[in-house]
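K.L.:
Quick one: sequence and predicted model below, then my questions.
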There are 2 protein chains.
Amino acid sequence: MKKPLILVTNDDGITAPGIRNLVSFMNELGEVIVVAPDSPQSGKGHAITINSTLTYDEVNMEGPQKDYALSGTPVDCVKFALDKILKRKPDIVVSGINHGSNSSINVIYSGTMSAAVEAGLEGLPAIGFSLLDFNWEADFSQSKSFIQHIVKKVLEQPLPKGIVLNVNIPKLHQNEIKGIKICKQAHAKWEESFDERINPHGKKYYWLTGYFNNMDQSEDADETALSEGYISVVPVKFDLTAYEYLQNLQKTFDC
Amino acid sequence: MKKPLILVTNDDGITAPGIRNLVSFMNELGEVIVVAPDSPQSGKGHAITINSTLTYDEVNMEGPQKDYALSGTPVDCVKFALDKILKRKPDIVVSGINHGSNSSINVIYSGTMSAAVEAGLEGLPAIGFSLLDFNWEADFSQSKSFIQHIVKKVLEQPLPKGIVLNVNIPKLHQNEIKGIKICKQAHAKWEESFDERINPHGKKYYWLTGYFNNMDQSEDADETALSEGYISVVPVKFDLTAYEYLQNLQKTFDC
């Protein structure tokens, strides 16, 4: 059987330990091509580069895969890989492993997940992986067997078109991880506050900061699963229509 | 009765004709505060500024409203306005008028709509407006009565929490616009191709380009309504969970 072609990308940049670990896990499953941002792109959401240009370079990293660093966002990487780098459609696109959570509402700010969504838009099976550990030296090896299992499942049994997976992994030893749980996106938000400072020229400037507010204790929410020691898997779609509200909205505008 | 407090933002930047028109329409309905990017931010999606800092300045523009230019993305503008500029919660947040369509899949790339979604996340009524005309000198005045009507409706009859409106307006004279249609997001995508060029130093660089491919002819899709001369209104939510697929996915991982 032909080895699957696996496109790997991320948002922390091509040299981040998270993506290097993911590449090494994927090398055991198929032929790997990496097209990832040449610099950190956290929090870039579904941004694309339309008012400036892109360049890329092949870079030499450890392992049998080919690596390409692009001067763009995670979504740019997927678009560029499909149009300019890959010789054929990949069998799967994996994004991450993100340094830090992309559970609940973080999915909409996340470059990691936006890359997966973009691949889904292109009709490709796609998964974003995130580890709940912001540490640059986080121990990604604990997640290896779970990530390989999930990728194999999706390769065997393709996702329906228009659906990608958001996988978050608790910061635990592999023996402590209780298993994989299919979840919904928890209802949560960031409570922002901007940290005000004064620059040497006397002008105020601001850092975005805040705390995460989980408002959803339901059993099937991703935050709940993660807090109980499970890996959360949320099927994510990019049709944002609130179908359940179409009829009511019609009434509002009829009267 | 107290005048409603209206926060206005956009993604084309604070000086764009689209936002200046929206501000003038809103000045007739309430007290207006503008917090908008100091430079064009098209295609920024739900990006936020986390690896660098923000600054802002009050700027003098025509009209009774107050205008603040922020060095960030549209989503930053909403967060910053709520935390640092507004004295109380606004009664509504309006974003736009975007120069160009944000119908169908464009909603996920759009800074205009991401600003509205961010306001929705904060529990505020929010609407993104876009005119199907990329021209900087587009005639926004034709949309005035429709935009004011929609904003008044939402002020009178608040949207449920977690839902914001994506309003797209065809490039027509107001007398030719057939009315307002409640729609779903059309199934469509961009077919990308990167335009390759060589810089003066001999290095290749790329411009993202492509064409829009509408794959959805259904009567209730926003693309259909727009092509028939209606204003499309899509209720948009930020819970991306594909609920309809949860059970099947469970089966995939059970076996």
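P.N.:
Okay, I see it. Residues are numbered from 1 along each chain as shown, chains lettered A, B, ... in the order given.

K.L.:
Tell me who's in contact with the spatially closest residue to residue A:46 that is not a sequence neighbour.
P.N.:
Computed as CB to CB, 6 or more residues apart in numbering or on different chains, the closest residue to residue A:46 that is not its neighbour in sequence is residue B:45, at 3.3 Å. In this view, the C-beta of every residue, glycine as well, is placed from N, C-alpha and C. Applying CB atoms under 8 Å, 6 or more residues apart in numbering or on different chains, one finds that residue B:45 lies in contact with A:44-48, A:75, A:114, B:108-111, B:114.

K.L.:
Among these, which ones are in helices?
P.N.:
Residues of the contacts of residue B:45 located in helices (DSSP state H): A:75, A:114, B:108-109, B:111, B:114.

K.L.:
List just the nearest of these to residue B:234.
P.N.:
Proximity of those to residue B:234 (CB to CB) peaks at residue B:108, which lies at 12.4 Å.

K.L.:
Quick check: the closest one vs residue B:251, distance?
P.N.:
Distance from residue B:108 to residue B:251, counting by CB to CB, to the nearest Å: 28 Å.

K.L.:
do residue A:166 as well
P.N.:
In terms of CB to CB, residue A:166 sits 19 Å off from residue B:251.

K.L.:
Which one's more surrounded, the two?
P.N.:
Higher neighbour count among residue A:166 and residue B:251: residue A:166, with 29 against 10, using other CB atoms under 10 Å in any protein chain shown.

K.L.:
how about the nearest residue to the more buried one, chain neighbours excluded?
P.N.:
The shortest distance from residue A:166 to any non-neighbouring residue, by CB to CB, 6+ apart, is to residue A:234 (4.4 Å).

K.L.:
Quick check: that neighbour touching residue A:185?
P.N.:
Yes: between residue A:234 and residue A:185 there is a contact under CB atoms under 8 Å: 5.5 Å.

K.L.:
So the two - more neighbours on which side?
P.N.:
Under the criterion of other CB under 10 Å, the comparison of residue A:234 against residue A:185 puts residue A:234 first, with 29 against 26.

K.L.:
Tell me the secondary structure at that one.
P.N.:
Assigned state for residue A:234: strand (three-state reduction, DSSP: H, G, I helix; E, B strand; the rest coil).

K.L.:
can you tell me which residues contact it?
P.N.:
Here residue A:234 is in contact with A:103, A:107, A:165-166, A:182-185, A:222, B:240-241 (criterion: CB under 8 Å, 6+ apart).

K.L.:
switch the cut-off to 7 Å
P.N.:
Residue A:234 sits next to A:166, A:183-185, A:222, B:241 when contact means CB atoms under 7 Å, 6 or more residues apart in numbering or on different chains.

K.L.:
which residues in chain A form helices?
P.N.:
Going by DSSP H, chain A shows helices at A:17-27, A:74-80, A:111-121, A:144-156, A:222-227, A:246-254.

K.L.:
Can you add distance to residue A:3 and mean pLDDT and give those back as TSV?
P.N.:
Listed next are the helices of chain A as TSV, based on distance: least, CB to CB, whole Å; pLDDT from 0 to 100:
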stretch	distance to residue A:3	mean pLDDT
helix A:17-27	10	98
helix A:74-80	21	96
helix A:111-121	19	96
helix A:144-156	11	97
helix A:222-227	32	97
helix A:246-254	45	89
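
K.L.:
Where do the strands of the stretch 1-150 of chain A begin and end?
P.N.:
Using DSSP state E, counting those that start in this stretch, the strands of the stretch 1-150 of chain A run over A:5-9, A:31-37, A:56-59, A:66-70, A:92-99, A:126-131.

K.L.:
re the thing from before, among the contacts of residue A:234, which are in strands?
P.N.:
Counted as lying in strands by DSSP state E, out of the contacts of residue A:234, are residue A:166.

K.L.:
Using CSV, please lay out the contacts of residue A:234 together with distance to residue A:125.
P.N.:
Output for the contacts of residue A:234, formatted as CSV (distance: CB to CB, whole Å):
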residue, distance to residue A:125
A:166, 14
A:183, 19
A:184, 20
A:185, 20
A:222, 20
B:241, 18
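
K.L.:
Quick one: name the residues of the stretch 101-250 of chain A near chain B.
P.N.:
Residues of the stretch 101-250 of chain A lying close to chain B (CB under 7 Å from any CB of the partner chain) are A:105, A:107-109, A:114, A:121, A:153, A:157, A:160, A:163, A:180, A:182, A:184-185, A:189, A:192-194, A:203-208, A:233-243, A:245-246, A:249-250.

K.L.:
Take the ones in helices among the contacts of residue B:45 and write them to TSV, including neighbour count and distance to residue B:25.
P.N.:
Compiled in TSV, those are given as follows (neighbours: other CB atoms under 10 Å in any protein chain shown; distance: CB to CB, whole Å):
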residue	neighbour count	distance to residue B:25
A:75	30	33
A:114	32	32
B:108	27	26
B:109	24	25
B:111	31	20
B:114	32	22
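
K.L.:
Contact partners for residue A:73?
P.N.:
A:37, A:41, A:44, A:47-49, A:111.
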